[in-house]
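K.L.:
Okay, predicted coordinates and the sequence, questions at the end:
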Amino acid sequence: MNKDKDAQNISLDEMMNAIINKVSGDFDMVIGIERGGLLPAYLAARWLVVPLKSIQIQFRDDSHKPLTEEPQLTAPWNEDVQGKRILLADDVENTGATIRRAAEELKGAQITTMVISGNADISLFGPHDRCIRWPWDPV
């Protein structure tokens, strides 16, 4: 929950418009990093008209505090992605640790990263300089 009055507000409409304006290319699938990457991954997959998959990696809790020293795969990943063009989506990326962990599981794929905010090949709103108030956050 983010009650910071100086937080940046991002609406779902703004998020979809950013995807329309910034995401293009020939992808075979979109993979969202659960949990935060599922919404941007879903929106991008719908826009690109490609399949949506998810990968379960846990690193931080809802208040952004690390739960473990390194991001952990929390469910087996058995999808064959060899030679596939993948758009890998997450919500926020500051250190790159979660995306790097996902990339370990996606060896052999051509990966383009996308985040709502932060450091990635495609950053919809960033990098950010303040907290973000998500559309799903309680007011």
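P.N.:
Sure thing, it's come through.

K.L.:
Just want to check the distance between the residue nearest the centre of the chain and C131.
P.N.:
Of all residues in the chain, the one closest to the mean position by Cα atoms, centre = their mean is D90, 1.0 Å from it. Noted for D90: a distance of 17 Å to C131, by Cβ to Cβ, to the nearest Å. C-beta: built from backbone N, CA, C; applies to glycine.

K.L.:
How about the residue nearest to the centre of the chain, nearest residue that isn't a chain neighbour?
P.N.:
G37 (3.9 Å; Cβ to Cβ, 6 or more residues apart in numbering).

K.L.:
how much space is there between the one you found and I55?
P.N.:
8 Å.

K.L.:
Neighbour count: these two, which is higher?
P.N.:
Per other Cβ atoms under 10 Å, whichever of G37 and I55 has more neighbours is G37, with 29 against 22.

K.L.:
who are the neighbours in contact with that one?
P.N.:
54, 88-91, 115 (Cβ atoms under 8 Å, 6 or more residues apart in numbering).

K.L.:
one more time with 6 Å
P.N.:
Listed by Cβ atoms under 6 Å, 6 or more residues apart in numbering, the contact set of G37 reads 89-91.

K.L.:
Backbone torsions only: list them for it.
P.N.:
Per-residue torsions, G37: phi -90, psi 0 (degrees, to the nearest 10).

K.L.:
where does it land on pLDDT?
P.N.:
Here, the pLDDT recorded for G37 equals 91.

K.L.:
ok, for G108, nearest residue in space, not its chain neighbours?
P.N.:
Q82 (3.9 Å).

K.L.:
With L38 instead?
P.N.:
Leaving aside its sequence neighbours, L38 sits nearest to G32 (Cβ to Cβ, 6+ apart; 4.4 Å).

K.L.:
thought the one you found was touching L88?
P.N.:
No: look at G32 against L88 with Cβ atoms under 6 Å: they stay out of range, at 8.1 Å.

K.L.:
I'd like the contacts of G37 as a markdown table, with pLDDT and distance to W136 appended.
P.N.:
Shown next, in a markdown table, are the contacts of G37 (pLDDT from 0 to 100; distance: Cβ to Cβ, whole Å):
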| residue | pLDDT | distance to W136 |
| --- | --- | --- |
| A89 | 97 | 16 |
| D90 | 93 | 16 |
| D91 | 88 | 11 |
